[in-house]
Structure formats: structure tokens, C-alpha cells
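Colleague: Sequence first, then the predicted structure:
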Amino acid sequence: MNSGNSEPARLLPFILHESRAGFAWKGSGALSLKTFRGGTTLYEAGRGYFSVDDHRFLVLNAGQEYALHIDSPTEVESFCVFFPDGFVERIGQDLVQSEGQRLDDPFGSRSTKSFEWVERTHSMQSSLGETLRQLRHLHRLKTLDAWGWEERMHDLAVRLLRLHQDVRKEMDNLSAAKLSTRKELYRRAYLGHEYLTAYYDQSPSLADTAAVAQLSVNHFLRSYKAVFGISPHRYLTECRLQAAMRLLQTTDRSVTDICFAVGFESLGTFSSLFARRFGEPPSQARLNR
């Protein structure tokens with residue numbers, strides 16, 4: 001039974017968990033975390049392009065218009081968490097308050113400040129990514145009741161807030177004096193980074209990538225290196241080499257076919273870069289799988 005001073009009931013986040021080989025959707029939603037397993041899903045959100053797969057999850061803001069596309073020869077498993085309005089913000093407010101403030105206002109009656117999350121992908125090997133993996137497993141097993149789920153979702157929100165803090169620290173490493181400038185440079189550099197991640201195999205040009213980031217080519221090159229510590233070309237090459245290694249280890253496609261499938265234009269260049277990166281030629285990597 002609830003007393004008049006008790007905390008009002010809070011809705012649990014909505015979870016979307018299903019598998020499809022092909023799907024397209026367009027609209028908007030709540031603050032959400034997008035994960036996929038067994039294939040790749042492409043998102044277009046705002047001015048950005050995002051590739052989400054077994055290795056990366058995506059954070060999208062509440063109210064953000066987006067479109068998603070799944071086109072796979074096999075089913076792709078989605079596990080997406082949508083937070084109720086203010087759910088994460090209320091937890092964030094509680095974390096920054098003193099013990100005295102929490103005692104004076106235990107149920108968060110003060111207005112909460114909304115967050116604007118940087119829309120980008122993050123590694124599934126991160127703390128939040130591992131938590132999402134666990135939740136996906138528990139959701140499949142159906143072993144948690146409503147109480148258990150609410151505890152898990154509070155933990156998920158805390159980890160999301162910590163991730164937000166980590167992003168702010170990355171922004172602070174940029175040289176611009178104003179926070180608003182650092183934030184915008186970071187966001188635009190990531191637009192280019194996500195574009196390269198999503199379309200590395202389709203020969204994206206430097207000019208097109210800079211245009212997606214809404215920066216001049218020179219400004220994009222400098223901003224990208226400031227954020228990531230490497231050039232966009234080096235990252236693009238790494239994406240292609242990692243994709244080639246995965247294909248060599250999981251398929252029987254020829255080395256030549258894989259070379260061109262991941263975006264390289266020369267078999268000789270591909271073989272040389274691959275051997276330098278992994279310490280063995282592509283043919284040997286296939287034998288050692």
C-alpha cells in the first residue's frame with residue numbers, strides 16, 4: 001500500500017527483442033539503446049549514418065527522427081531498450097545530490113534537467129555493452145520479474161550516465177576554449193567517423209565524409225585526428241582489414257573476392273597491408289582459422 005508521501009510508480013523501459021532478416025522503419029522514439037546480433041543494421045538519424053552490429057551499440061536521443069534498415073541473408077536479432085521520459089535524468093539528479101539533499105527530497109520532486117546525448121556508437125565490450133548483453137540473455141530466458149527488471153534498468157541507467165561522463169571527458173581533451181565549440185567539434189568528427197564505419201566497403205571519398213561531418217576537408221582532417229588520434233584514412237584502412245580478417249576466418253570466399261568486397265582497389269596493396277597489420281598474408285590467415 002502506498003502512502004501519500006511515497007514515490008510514484010515508475011514505468012519500466014520498453015524492450016524490443018525480435019529477429020528479422022529484412023526490415024525498414026522510420027519514425028522517432030524515446031531515449032534508446034540499440035543492439036543487434038548476427039548481422040548489421042544501418043541507421044540514419046539526424047545528419048548521421050550509423051552501423052550497429054555484434055560489436056557496437058547505438059545511443060539515440062528522445063524525439064530523434066531516424067530510419068533503420070535490415071537487409072540480411074539470415075535473421076538479425078535486435079535488442080533495443082527505450083527509456084521512459086525522465087527515467088535516466090531522475091537517476092542522474094540523484095547521483096549528483098548530497099546525502100542531505102536526497103533526504104530532504106527523497107522522491108525527486110524538483111524538476112530534472114534533461115540531457116542531450118551525443119548520438120554515436122559504443123563498443124559492446126564496454127561496461128554498458130556487457131550489461132546489455134546480460135539483459136538480452138535474461139530477457140530471452142524470462143527469469144526476471146518486474147522488481148528484478150527495475151533493479152537491472154536502474155543499473156543500466158547508471159552505466160549510461162557514466163558513459164555520458166566519459167564522453168564529456170573526451171570532449172574536454174579538445175583544444176577549443178568554449179565547451180559548446182568542443183562539443184560541436186566532437187559531434188561532427190563522430191558523424192564522419194560513423195559514416196566511415198558504416199560505409200567503409202563502398203569507397204567513401206574524403207570530400208563526402210567531410211560533407212557528412214559538415215566541415216571543410218582540412219577542418220575535418222584536423223578535428224578527426226584531435227578526437228581519435230589517427231587520420232581518417234588510417235581508420236578506414238583498419239575497418240577494411242578487420243572486415244577482411246573476419247571474412248577469411250568465417251567464409252570460403254577467395255582472397256581476391258574479399259579484397260574487393262571490403263573496399264580495396266588493389267590485391268597487391270591489400271595483401272601488403274594485411275601482412276603488415278596481422279603478421280601474415282591473407283592466405284595464411286585462412287589456413288590458421
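Modeller: The structure has been received and is ready for your questions.
Colleague: which element follows the longest helix along the chain toward the C-terminus?
Modeller: Looking across the chain with DSSP state H, the single longest helix is helix 146-172. Remark: after helix 146-172, the chain's next helix or strand is helix 179-199, criterion DSSP states H and E.
Colleague: Against which helices or strands is that following helix packed?
Modeller: Contacts defined by 3 or more C-beta pairs under 8 Å, 6 or more residues apart in numbering; DSSP states H and E place helix 179-199 against strand 48-52, helix 146-172, helix 206-212, helix 217-228, helix 232-250. For glycine as for every other residue, the C-beta is placed from the backbone atoms N, C-alpha and C.
Colleague: Residue 282 contacts residue 276, doesn't it?
Modeller: No. At 11.9 Å, residue 282 does not count as touching residue 276 under the criterion of C-beta atoms under 8 Å.
Colleague: okay, now residue 28: neighbour count?
Modeller: Close neighbours of residue 28, defined as other C-beta atoms under 10 Å, add up to 12.
Colleague: Equivalent analysis for the one 5 residues further on, please.
Modeller: By other C-beta under 10 Å, the residues close to residue 33 number 23.
Colleague: can you confirm it is in a helix?
Modeller: No. Read with DSSP: H, G, I helix; E, B strand; the rest coil, residue 33 is strand and lies in no helix.
Colleague: how about the nearest residue to it, chain neighbours excluded?
Modeller: Residue nearest to residue 33 in three dimensions, not counting chain neighbours: residue 81, with 4.7 Å by C-beta to C-beta, 6 or more residues apart in numbering.
Colleague: what about the one you found, helix or strand, and which?
Modeller: Using DSSP H and E, residue 81 falls in strand 65-82.
Colleague: Against which helices or strands is that strand packed?
Modeller: In terms of contacts (3+ C-beta pairs under 8 Å, 6+ apart), strand 65-82 is packed against strand 14-28, strand 32-37, strand 41-45, helix 127-141.
Colleague: quick check: angle from the helix or strand following it to helix 146-172?
Modeller: On the C-terminal side of strand 65-82, the closest following helix or strand by DSSP H and E is helix 87-96. Angle of helix 87-96 versus helix 146-172, following axes from the mean of the first three to the mean of the last three C-alpha atoms, to 10 degrees, is 70 degrees.
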